[in-house]
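> Curious how this folds, go ahead:
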Amino acid sequence: MARRIFLGDGVPTALKKLAEGQQELISALAVAGISPSQISDLQAAIVAALSPGLSVQSGSFTPTFSFETPGDLSVAYSTQFGVYRRMGDLVWVNTRLVFTPTYITSSGLARFGGLPFTVSAETLNNAGDFSTGSSIVFPAGTTDAAFLFLSGTTLSAISSFGSGVSGTQWGLTQFPTGASTVIPFTGWYVTTDPMP
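This is a model prediction of the structure:
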């Protein structure tokens, strides 16, 4: 089911509006089979037209799934799609993961890796739209979720919240062994990594 998640106050309003328009377009292009490099080129053209003089970089990356303690985790991916657009110190990512984890000894919280730049401590927990497959069981008392970018790493996580419940990160229960999972996600974070 699709859930609208917020773009936090750390992202300027103009970039929020740009992201909202691009999210729908980029998701439709990815579903239509347009390659990550073609999507990245399109993003570059849009950003260059709207923000002349801004230092812009784009590319693709390979998102991954794991647990804090992987143990014997084996992940079969059918889709690992990731593109990014960096404008100054803001990084916009669009990912789609379709995977099946298999494990016996794994433990801890779920982690999504492979972000193209290190997440800065300045990053508020900004997130965009993401959908969850119907097989996801939300933690007790929670009804919505957001991606969290983990400071000082190239990792993100998912945290659920609901009426009177906040900050419940997803783990083994949400990603049971042998269950196919679809996680498409679009969001922003801040990096202090230097521009290459």
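
> okay, CA-based contacts and neighbour counts for the rest of this
OK.

> Quick one: mean pLDDT over stretch 178-187.
On average, the pLDDT along stretch 178-187 is 87.

> again with stretch 139-156
Across stretch 139-156, the average pLDDT comes to 86.

> and it, how far apart are its ends?
Length of stretch 139-156, first residue to last, CA to CA, to the nearest Å: 18 Å.

> Counting neighbours, which bits of it end up buried?
By neighbour count with 16 or more other CA atoms under 10 Å, stretch 139-156 contains the buried residues 139, 142, 144-151, 154-156.

> looking at this protein, which helix or strand is least sure?
Every helix and strand of the chain was ranked by mean pLDDT, DSSP states H and E. The lowest is strand 2-3, at a mean of 32.

> In stretch 183-196, which of the residues would be classed as buried?
Pro184, Phe185, Thr186, Gly187, Trp188, Tyr189, Val190, Thr191.

> Return the member of those nearest to Ser160.
Relative to Ser160, the closest of the buried residues of stretch 183-196 is Phe185; by CA to CA it sits at 14.9 Å.

> wait, that closest one sits on Asn94?
Yes. Between Phe185 and Asn94 there is a contact under CA atoms under 8 Å: 5.8 Å.

> Give me the residue ranges of the protein where confidence is low.
Scanning the chain for pLDDT under 70 picks out 1-54, 123-135.

> That one: helices as residue ranges?
Remark: helices assigned in the chain by DSSP state H are 13-31, 36-50.

> Make a markdown table out of the buried residues of stretch 139-156 and add distance to Gly167.
Formatted as a markdown table, the buried residues of stretch 139-156 follow (distance: CA to CA, whole Å):
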| residue | distance to Gly167 |
| --- | --- |
| Pro139 | 10 |
| Thr142 | 9 |
| Asp144 | 11 |
| Ala145 | 9 |
| Ala146 | 9 |
| Phe147 | 11 |
| Leu148 | 10 |
| Phe149 | 13 |
| Leu150 | 13 |
| Ser151 | 16 |
| Thr154 | 20 |
| Leu155 | 17 |
| Ser156 | 14 |
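
> Mind checking which of the residues you listed land in strands?
Counting by DSSP state E, the part of those found in strands is Asp144, Ala145, Ala146, Phe147, Leu148, Phe149, Leu150, Leu155, Ser156.

> ok, now which ones touch Gln169?
Leu109, Ala110, Ala157, Ile158, Ser159, Ser160 (CA atoms under 8 Å, 6 or more residues apart in numbering).

> So which of those wins on neighbours?
Neighbour counts for those (other CA atoms under 10 Å) peak at Ala110, which has 23 neighbours.

> bridging residues for that residue?
Counting by DSSP bridges, Ala110 is bridged to Phe67.

> Was I right to think it contacts Thr173?
No. Using CA under 8 Å, Ala110 is not in contact with Thr173, being 9.7 Å away.
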